[in-house]
Structure formats: C-alpha cells, structure tokens
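Q: turn this into a structure:
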Amino acid sequence: MGFESYTVMLTPCPSSPLATAQNAETLQRLVNEIVQSNYHICPDDEEIGHLPYTPHSGEAFLVYKTALGLYQMLLKAHEQQVHISLQFAYCNPRTIYKPFISMVANLMRRYGLQSYVMASDKPLDLCDPQTAEKILTPSMDYNRHLWQADAGMNQEDILRPGEALERFVQQMQHSPVPARQ
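A: Residues are numbered from 1 along each chain as shown. The predicted model follows:
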C-alpha cells in the first residue's frame, strides 16, 4: 500500500463479533458471507499469484472488479481478531467511490467495525458508518488530486494498486529527466 492507493482499514470495536476467538476457519466463513452477498466480489487469484510468499490460512484476498472500477480487500485473522483492509488505485474511475464506500459502511454496520482512513497524513478513526460515508468522498477526492499532481497523471484506468505503481515507474523511466540548473 503506497501513495498510489486509497486505503481504509477496518478493525473490530470491542462489541464486534469479530473481536475475539477468530481463526482461519471463522475468517473463511466471513469471506464466504462477503462473496455470497455481492456477486461482484470474488477471490483475487491474480493478486495471490503475484505474492512473494505463500498466503497464510489466516488471510484472504478478494477483489471487486466491474466497469465502475476495481478495489481489493485483504482479510486477516490476527491475534484472534479479524482485520479488513480495502484499497483502490487512484487511477480507477471516480465511479469506484460508491461501491467502495458502500462496502466499507456495510461491513462497519454488519460486523461492528471501526474504520481508519490510511490515505491521510493522520489516519482518521471513524466509528459511525454514516460519518464514514460523509468523510470518505471528500477525503478520496483530496488524496486523488494530490496523487494526480504528484504523479503528473490524470488518466483513468481500472488497475490494482500494484499495477498502477508499475505503470507510474515505467512512465518515469521513459520520460526525460529535467536538467538541474
């Protein structure tokens, strides 16, 4: 996760059913619930194929990919809790916002999660799904604008964050470097 992506981390509130006694088996049940509730979400076999390690039984990689854009989800059973990370590359069309925000808010409501917006200088801690929905769009727009200015890119493309970073690096390697004065 880097400057090319917008990331929201979801962690259990103390009263969440995901706060205690979670393991790989319960993580798999959660994955199945998420996939069954949204037919656009499926295992992210492409991302798994690019991992420099063999995925652990306590983690799952999912992807949402439609004409609206692409976002990824990483679910981890860690210290008997489940943590969920959602991210999309800034080069995705702005139309990815609605399904992304909807998934964040739905997961917060359904499982009693709080969200941390990682794309900010100071992570925002949001415990209320309605507040999260109100804050996420301006935050995404602001960070997307910063990325476009820093990267010198404003083209839209449905890519994973790793693919967006590779494209950025390739463009930088092929563009002339300004001479120092």
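Q: could you pull out the helices for this structure?
A: Using DSSP state H, the helices of the chain run over 24-37, 45-49, 97-111, 129-151, 161-174.
Q: how about a markdown table for these, with mean pLDDT, mean neighbour count and distance to Thr7 added?
A: In this view, the C-beta of every residue, glycine as well, is placed from N, C-alpha and C. A markdown table is the format used below for the helices of the chain (pLDDT from 0 to 100; neighbours: other CB atoms under 10 Å; distance: least, CB to CB, whole Å):
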| stretch | mean pLDDT | mean neighbour count | distance to Thr7 |
| --- | --- | --- | --- |
| helix 24-37 | 92 | 14 | 18 |
| helix 45-49 | 91 | 12 | 14 |
| helix 97-111 | 93 | 19 | 11 |
| helix 129-151 | 84 | 16 | 10 |
| helix 161-174 | 74 | 15 | 8 |
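Q: now those in TSV, with distance to Ala77?
A: Formatted as TSV, the helices of the chain follow (distance: least, CB to CB, whole Å):
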stretch	distance to Ala77
helix 24-37	4
helix 45-49	17
helix 97-111	13
helix 129-151	23
helix 161-174	23
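Q: these: which one's closest to Val117?
A: helix 129-151 (5.7 Å; CB to CB).
Q: run the angle between the closest one and helix 161-174 for me.
A: 20 degrees (axes from the mean of the first three to the mean of the last three CA atoms, to 10 degrees).
Q: for the residue nearest in space to the middle of the chain, list each beta-bridge partner.
A: Nearest to the mean C-alpha position of the chain, by CA atoms, centre = their mean, lies Gln87 at 1.5 Å. For Gln87, the beta-bridge partners under DSSP bridges are Thr7, Gln72.
Q: which residues does it contact?
A: For Gln87, the contacting residues are 1, 5-8, 71-72, 161, by CB atoms under 8 Å, 6 or more residues apart in numbering.
Q: repeat that for Thr20.
A: Residues in contact with Thr20 (CB under 8 Å, 6+ apart) are 80-81.
Q: so it versus His83, what's the distance?
A: 13 Å (CB to CB, to the nearest Å).
Q: with Leu126 instead?
A: 15 Å.
Q: more neighbours: which of the two?
A: Taking other CB atoms under 10 Å, Leu126 and His83 do not tie; Leu126 has more neighbours (24 against 19).
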